[in-house]
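Trainee: need a 3D model of the sequence below.
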Amino acid sequence: MVTEKKWTDPVTQLKGVGPKQSQLFGQLGIFSVRDLMHHFPFRFEDIGVRDIHTIMDNETVTLKGKIVTPPVVNYFGGKKSRLSFRFALDETTIIQVTFFNQPYLAKQLELGQIIGVYGKWQENRQAILGMKLIRTHQDARFNPVYPTTKGLSQTQIIKAIRQAFEDYLECIEDALPTMLNDSYQLLDYPTALYAMHFPQDAQQHQQAERKLIYQEFFMYQWRLVVSRQYAQEKQGTRILYDVDALREVIETIPFELTPGQKQAINEICYDLLAPYPMQRLLQGDVGSGKTLVAFITMIAAVQSGYQTALLAPTEILAKQHVQSFNQFFEPIGLRAELFISALPAKEKQEKIEGLEKGRIRVVIGTHALIQETVNFNNLGYIVIDEQHRFGVNQRQALLDKGEGVNYLQMTATPIPRSLALSIYGEMMVSTIKERPQGRLPIETIWLEAAQSERLESHIKETLSQGHQIYYVLPLIDESEHMTEIENVLAVQERLQVTYPNYQIGILHGQMNKDEQEIAMQAFKSNDTHILVATTMIEVGVDVPNATMMVIQSAERFGLAQLHQLRGRVGRNQLQGYCYLIAQPKTEQGIQRMEIMTSTNDGFVISEEDMKLRGIGDVLGLNQSGIPHFNYANIIEDQTILQVAQADVQRIIEQPTLIESAEWDRLTERIQQTVVHI
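Mentor: This next block holds a predicted model:
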C-alpha cells in the first residue's frame, strides 16, 4: 500500500535522514519536510567562476580548470592531511591546489578531469587553498549557507533540502488566488520556495523573497479578518450608555480634550454599544492623555449599570490612577477603589465583598485583581494599562471574571497603525497623536561625562526656580561587572554633597513597598527635590513640578525606554529638559543618542527602536502571541504589508474577484499556523 505524501511528513521520511540527524534538525526547530523547506539560508556565497586576472590576494573565489597532475595526499601531525595537485586554468596558466584535511576528495578526482575549486586565492604562491570541490554541471552559482548546530554540516543540510524538493515538490500548493499572482507577476509558490534555497541568480532570489513576504502578510491578514468575524459572532455585554449623561461628565473636566482624545472616546463607545465583545487597542505617545480616555469610557459602563476594572502593572501606577480618577470625578459622585496585594487584610476582604455584591463599580488594581478570591457581580468592561507587561494568561484571567466582557488595552509605545494591526491581531486600534494643549516639546541634550559642568549649572538653576529633577540610573548598588556605571546610592551621596541645601531622595525595586510609597509621596509633595531612581519611574509617574530628567549611562537603555523616561517631565506648561549622559562605544549606541536628540515623536522613536533591537525587545511580546513570520519583516516590509492588507479588504468586500475554489483553499489554509503559509 502506497502512503500519500504530505509535506507535514517527518524529516525521517527523507532518504539519508536517520534518527541522529533528525534529532539535530529538531534542535533547529525542524521536524517536518515543510519545516525543512522553510529553513532558509542566512546568506549566499557567490561561487560563480572568476577570471584569475580579476581577483585579489586572499579573495574567496571559484576557479574552473583541468587537473594536470595526479592528486597526492600527504599525512602529517597524526591525522592531519594535505591533498595537492596542479590545475590548468587555460593553456598557459597553471596553479597549485591544496585541500587540508579532506583526503576523501582524492577518490573523486582524476587526471584530466574538469572541475571547479572554491577557495582562497594566495597571490604570492599562485595557489588556491581549497574549501569546496564544485562539479560545475550540477551546482548553482550561489551557494546557500544555513543556520546550523554542532554535528550538522552544511553539506548534510543541503542534501536533505534537495531531497525534500525532489520527493515533495508536488505537495507544495500556492495559497494565493490567481488574480493576485497575475496582478503582481509573482512566482508560483513551489518555484519561489525552491529559489529561496537554490536561485538561478540574484534577481530570481529577490523575486522569491517578494513572493514569500507578500504571501505571508496576505495569509496573516486574511486570518485576522476571519478572527474578527468569529469574535463578532460571540455574545457580548452591550454597554447601552446615556450619551447626554456621559457628555455632562466630560463637561466637568477643567480643560478641553484634544481631537485625538475625542475621536478615541467615540470609537471605544461605539464598540461598547455592539452586541459582541469589544477588543480594542488604545495607543498614544507619552503624555497624550490615554488614561483620561479610559476613565471616561469606564464611566460609560458604570452609567449603564456595569462594573469596570483597570489593571495596572505596578502599585505606584495603580495608586496614581485611583488618585487621578477620584480627583476628576469624585466631586460628581463617581469613585474608584484601589485593590492591591499590600492592602490590610480587613480592607481587602471588604473590597472583595464589595466587588462580589456589586457595591464597588470602579476598581483599579494590580495583579491582585486576577486572584481566584476576587469575583465580580456584573463585570462589563476592563482596561489593561501597559498591556505588554502582562502575559496572555494574566489578561485572560481578568476577562474570565465576566461574560462577554469588553476589553481595552493601552500602550505608551506607539507604532504606525498598519503595524499595530499586524502585531495586535484581531484588535481594532485607536490612536492619539496630539499632546494636550499648552505642552511644549521636551528639549533633549546629549552630554558626555566630561561635560558635567553644563549639567550642574542647569540643575542649580532648576532647583532655584523651585522645580524638581529625576536622576535615573541602570543600577541600584555597586556591581563588579559594571563598575564604570555610577549607582543609585553613590549618586545620592554625591548629589547631597554638591547640593547641600536640597533634599535628595532614592527610589528602587529593592526598597519595600512602604519605603517606595514614602519616597514617591515625598517627591510628589516637593519635600524631595531630586529623586535618584532606577527605571521604576519609567511608566505612569506624574509629578508636574518635575521639569528635568537626567539619565546616566543612557547608552544602556533602548530608545523606547529612554522616551518613556523622558516623558516623565514636561507634563505641564513649563519647558521640560532631558539630559542623556552617555559615552556609547558602538555605532548603534551613537544612533540612539542622535535619534533621541532629533525628535520627540514617540511613533518615530519606537519604530527606530524596533529596527535597532527588534520588535520583541521593544514591546515585550514574548508572551503575547506576536505573529512569527518565516521571512517577512513587519518593520522593513511595511509597504508590502499595507498592500496585502488592502488586497484582503478588497477581496472580502468583493468575493467574486476570486474563484470559489480559491476562497475555500484560503479558508482551509488559515487553519494552519502563520509559520507554515
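
Trainee: so what's the residue count around P259?
Mentor: Residues near P259, counting by other CB atoms under 10 Å, number 11. Every C-beta, even on glycine, is put in place using the N, C-alpha and C of the backbone.

Trainee: for it, grab phi and psi.
Mentor: phi -60, psi -40 (degrees, to the nearest 10).

Trainee: just the pLDDT for it.
Mentor: For P259, the model assigns a pLDDT of 93.

Trainee: what's the answer for E59, then?
Mentor: 87.

Trainee: that one contacts K120, doesn't it?
Mentor: Yes: under the criterion of CB atoms under 8 Å, E59 makes contact with K120 at 7.3 Å.

Trainee: between these two, which has more neighbouring residues?
Mentor: In this view E59 and K120 are compared by other CB under 10 Å, and K120 has more residues nearby, 14 against 11.

Trainee: surely the more buried one is in a strand?
Mentor: Yes: with DSSP: H, G, I helix; E, B strand; the rest coil as the criterion, K120 is assigned to a strand.

Trainee: what's the pLDDT at the residue lying closest to it once chain neighbours are set aside?
Mentor: Computed as CB to CB, 6 or more residues apart in numbering, the closest residue to K120 that is not its neighbour in sequence is L129, at 4.7 Å. As predicted, L129 sits at a pLDDT of 93.

Trainee: pretty sure I551 sits against I469.
Mentor: No: I551 is beyond contact range of I469, at 11.5 Å (criterion: CB under 8 Å).

Trainee: quick one: contacts for the residue nearest to K120?
Mentor: L129 is in contact with T98, F100, G119, K120, Q122, counting by CB atoms under 8 Å, 6 or more residues apart in numbering.

Trainee: ramachandran angles for the nearest residue to the last one once chain neighbours are set aside?
Mentor: If I follow you right, that is Q122. Distances taken as CB to CB, 6+ apart place L129 nearest to Q122, at 6.2 Å, with adjacent residues excluded. With angles defined as degrees, to the nearest 10, L129 sits at phi -90, psi 100.

Trainee: partner residues bridging L129?
Mentor: Taking DSSP bridges as the rule, L129 bridges to T98, K120.

Trainee: quick check: it vs L111, distance?
Mentor: From L129 across to L111, the span is 21 Å (CB to CB, to the nearest Å).

Trainee: H467 now?
Mentor: 87 Å.

Trainee: between the two, tell me which one has more neighbours.
Mentor: With neighbours defined as other CB under 10 Å, H467 and L111 compare such that H467 has more, 20 against 11.

Trainee: what residues are up against that one?
Mentor: H467 touches N545, A546, T547, M548, L574, counting by CB under 8 Å, 6+ apart.

Trainee: by neighbour count, which of the contacts of L129 wins?
Mentor: G119 (20 neighbours).

Trainee: apart from its chain neighbours, what residue comes closest to that one?
Mentor: G130 (4.1 Å).

Trainee: distance from the helix or strand harbouring N326 to the middle of the chain?
Mentor: Using DSSP states H and E, N326 sits in helix 315-329. Mean C-alpha position of helix 315-329 versus that of the full chain (CA atoms, centre = their mean, to the nearest Å) differs by 30 Å.

Trainee: cool, stretch 560-574 as well?
Mentor: 22 Å.

Trainee: pretty sure D57 sits against W121.
Mentor: Yes: with contact defined as CB under 8 Å, D57 counts as touching W121 (6.7 Å).

Trainee: give me the more crowded residue out of those two.
Mentor: Looking at D57 and W121 with other CB under 10 Å, you find the greater number of neighbours at W121, namely 20 against 9.

Trainee: look up how far L129 lies from that one.
Mentor: Counting by CB to CB, the gap from W121 to L129 is 8 Å.

Trainee: now do Y189
Mentor: Y189 is 40 Å from L129, by CB to CB.

Trainee: next: M511.
Mentor: Taking CB to CB, one finds M511 at 62 Å from L129.

Trainee: how about the lengthiest helix in the chain: buried residues?
Mentor: Ranked by residue count and defined by DSSP state H, the top helix of the chain is helix 202-231. Using 16 or more other CB atoms under 10 Å as the test for burial, helix 202-231 gives 204-205, 207-226, 228, 231.

Trainee: how about the helices in the stretch 551-677 of the chain?
Mentor: For the stretch 551-677 of the chain, the helices defined by DSSP state H, counting those that start in this stretch cover 559-566, 587-598, 602-613, 615-619, 638-653, 660-669.

Trainee: the ones you listed into JSON lines, with extra columns for distance to R335, mean neighbour count and mean pLDDT?
Mentor: Formatted as JSON lines, those follow (distance: least, CB to CB, whole Å; neighbours: other CB atoms under 10 Å; pLDDT from 0 to 100):
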{"stretch": "helix 559-566", "distance to R335": "29", "mean neighbour count": "25", "mean pLDDT": "88"}
{"stretch": "helix 587-598", "distance to R335": "40", "mean neighbour count": "16", "mean pLDDT": "92"}
{"stretch": "helix 602-613", "distance to R335": "32", "mean neighbour count": "21", "mean pLDDT": "82"}
{"stretch": "helix 615-619", "distance to R335": "34", "mean neighbour count": "19", "mean pLDDT": "63"}
{"stretch": "helix 638-653", "distance to R335": "43", "mean neighbour count": "17", "mean pLDDT": "88"}
{"stretch": "helix 660-669", "distance to R335": "49", "mean neighbour count": "14", "mean pLDDT": "79"}
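
Trainee: those helices: which one's closest to L343?
Mentor: helix 559-566 (27.8 Å; CB to CB).

Trainee: next, count neighbours for Y407.
Mentor: Neighbours of Y407 (other CB under 10 Å): 21.

Trainee: and the closest residue to it other than its chain neighbours, how far is that from Q200?
Mentor: With sequence-adjacent residues excluded and distances taken as CB to CB, 6+ apart, Y407 is closest to Q279, at 5.2 Å. The gap separating Q279 from Q200 is 46 Å, by CB to CB.

Trainee: more neighbours: which of these two?
Mentor: Q279 (21 against 11).

Trainee: thought the more buried one was touching V429?
Mentor: No: using CB under 8 Å as the test, Q279 is too far from V429 to be in contact (10.4 Å).

Trainee: sorry, back to before: show residues contacting the following helix or strand past the helix holding N326.
Mentor: Later in the chain than helix 315-329, the nearest helix or strand by DSSP H and E is strand 336-339. Outside strand 336-339, the residues within contact range by CB under 8 Å, 6+ apart are 310, 318-319, 321-322, 325-326, 329, 348, 351, 354-355, 360, 362-366, 368-369, 374.
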